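Colleague: Here you go, sequence then predicted model.
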Amino acid sequence: MTSAEDRYRAAISTMDAAAREQDEQRGLRERRVAEAETQAREGLKNELAAAQKYAEHMDELNKRKQSAGGWATEKTLADKGRESLMEFGVQDEEADTGYTAYPTPSYGTPVQAAPPAPEPPAPPAPEPPKRGRHARQPDDEDDFSSTSWLV
């Protein structure tokens with residue numbers, strides 16, 4: 001009877017090992033699914049932010065177009081940001097520092113610049129095309145006197 005008990009215990013042990021392995025695989029799958037969900041959620045958040053910025057930009061362009069009487073001109077649709085404004089005088093960044101940007105003085109002997117590289121020789125002039133022995137001389141004006149215009 002010991003052999004039947006041994007076989008029974010071996011079968012129970014094998015089934016317990018299979019159940020543990022299935023539980024570990026299920027846990028691994030669930031972790032991978034959770035990681036994929038978080039990555040997808042972050043990606044969708046980024047795409048949503050970009051889509052919102054795009055929608056706001058298009059709304060702004062549409063408002064500009066409507067305020068211009070429905071004309072979508074280059075000036076109407078141009079960005080109204082800092083880069084498109086004309087500025088005169090001291091820039092805001094320079095005004096905050098309190099320093100004026102003067103050129104740096106050079107002391108001592110001036111630094112010699114490297115001699116310029118010699119220019120490559122000019123390519124030879126192309127030869128004029130050769131004409132055949134019986135070729136006609138080119139006319140400055142075409143003669144249409146023998147053409148019938150009533151055809």
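Modeller: Happy to help now that I have it.
Colleague: so what secondary structure elements neighbour the lengthiest helix in the chain?
Modeller: In the chain, taking DSSP state H as the definition, the longest helix is helix 2-67. Contacts defined by 3 or more C-beta pairs under 8 Å, 6 or more residues apart in numbering; DSSP states H and E place helix 2-67 against helix 74-77. From N, CA and C alone the C-beta is placed, and that goes for glycine too.
Colleague: for the helix it packs on, what is the average pLDDT?
Modeller: For helix 74-77, mean pLDDT is 69.
Colleague: And for stretch 132-140?
Modeller: In the prediction, stretch 132-140 has an average pLDDT of 64.
Colleague: one step back: avg pLDDT for the longest helix of the chain?
Modeller: In the prediction, helix 2-67 has an average pLDDT of 93.
Colleague: mind checking the SS state of residue 145?
Modeller: coil (DSSP: H, G, I helix; E, B strand; the rest coil).
Colleague: give me the number of residues near it?
Modeller: 5 (other C-beta atoms under 10 Å).
Colleague: For it, grab phi and psi.
Modeller: Per-residue torsions, residue 145: phi -70, psi -30 (degrees, to the nearest 10).
Colleague: Same question for residue 130.
Modeller: Per degrees, to the nearest 10, the backbone of residue 130 is at phi -80, psi 140.
Colleague: what separates it from residue 56, distance-wise?
Modeller: 68 Å (C-beta to C-beta, to the nearest Å).
Colleague: Please say which of the two ends up with more neighbours.
Modeller: residue 56 (10 against 6).
Colleague: so what's the more buried one up against?
Modeller: Listed by C-beta atoms under 8 Å, 6 or more residues apart in numbering, residue 56 has no contact partners.
Colleague: mind checking how far it is from residue 65?
Modeller: Here residue 56 is placed at a distance of 15 Å from residue 65 (C-beta to C-beta).
Colleague: Please report how far residue 56 lies from residue 18.
Modeller: 57 Å.
Colleague: same check, this time on residue 146
Modeller: Applying C-beta to C-beta to residue 146 and residue 18 gives a distance of 105 Å.
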